[in-house]
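[1] missing the sequence, but the structure's below:
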Ligand SMILES: [Zn+2]
């Protein structure tokens, strides 16, 4: 949307991002005037508001201090979401210089986050990849697994990407069967969380065990088992949807 050249007096939070990195001088997101952070002359666009201040995106790299947005995952959820928006928009514009259909150079829409091809009139939007995540309860136990994709000793609930032509509910049943070999029932929606690594939308559910014995898919999981709610292994500590689903399941286990 509307871009402008900074004069120096503009104020707010500064998301300087390129190639899935974000500028965190002193490990924090910069707040203040553009001149305070020597950003005058750069091209910026407002992408939101947080704590009464404009959140700006500048799509470029700084010489130092470019970090993973994961470093902000344990901060305020809304701030983390806006940083995720900035990082993903920067990637979107970087990967859409040319039209995928006819190869002509594209322009940025002035009205929405989109790229337009003036030649064939195709319009492109940032891609969001929906994925499901589900907390499964069996009496006073919860199903937790160690995932191959994060080898940090952390246990979490099951998750996976939604496939083309599939409902969210179908994706949950399929992923749970593929990864753990069990059937679930009583599936219900809980909450969602944008997850900018690189462009997921996590859709969170709770479910109850129905039938079957655990058979781990070794491609996806290192191990998986039922854990008593009083005796959980290492679980995600930050303010994430997987933590929320584990806590909700534990609360249901206690009521048993
Ligand atoms: Zn085109």
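    It's in. What you see is a predicted model; the values in this text were computed from it and never measured.

[2] alpha carbons only for contacts and neighbour counts from here, please
    Will do.

[3] and residue 204, helix, strand or coil?
    Under DSSP: H, G, I helix; E, B strand; the rest coil, the three-state class of residue 204 is strand.

[4] which residues touch it?
    132-134, 189-193, 241-242, 245 (CA atoms under 8 Å, 6 or more residues apart in numbering).

[5] Close to the ion: what parts of the stretch 51-200 of the chain are there?
    Contacts of the stretch 51-200 of the chain with the ion, taken as CA under 5 Å from the ion, map to 99, 102, 117, 120.

[6] Any chance of a markdown table for those residues, columns secondary structure, neighbour count and pLDDT?
    Listed next are these as a markdown table, based on DSSP: H, G, I helix; E, B strand; the rest coil; neighbours: other CA atoms under 10 Å; pLDDT from 0 to 100:
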| residue | secondary structure | neighbour count | pLDDT |
| --- | --- | --- | --- |
| 99 | coil | 22 | 98 |
| 102 | coil | 12 | 98 |
| 117 | strand | 23 | 98 |
| 120 | coil | 12 | 98 |
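
[7] Who wins on neighbours among the contacts of residue 204?
    Neighbour tally across the contacts of residue 204 (other CA atoms under 10 Å): the maximum, 31 neighbours, falls on residue 134.

[8] ok, that one touching residue 171?
    No: using CA atoms under 8 Å, residue 134 is not in contact with residue 171; the gap is 10.5 Å.

[9] thinking again about what came up before, show me which of the residues of the stretch 51-200 of the chain next to the ion is closest to residue 49.
    residue 117 (29.5 Å; CA to CA).

[10] Beta-bridge partners for that closest one, please?
    Counting by DSSP bridges, residue 117 forms beta bridges with residue 106.

[11] That one: what's it in contact with?
    Counted by CA under 8 Å, 6+ apart, residue 117 has contacts 98-99, 104-107, 123.

[12] are any of those residues buried, and which?
    98-99, 106-107 (16 or more other CA atoms under 10 Å).

[13] what's the farthest-apart pair in those residues?
    Farthest pair in the buried ones among the contacts of residue 117 (CA to CA) is 99 and 107. Separation: 9.7 Å.

[14] Could you look up the SS state of residue 36?
    Applying three-state DSSP: residue 36 is helix.
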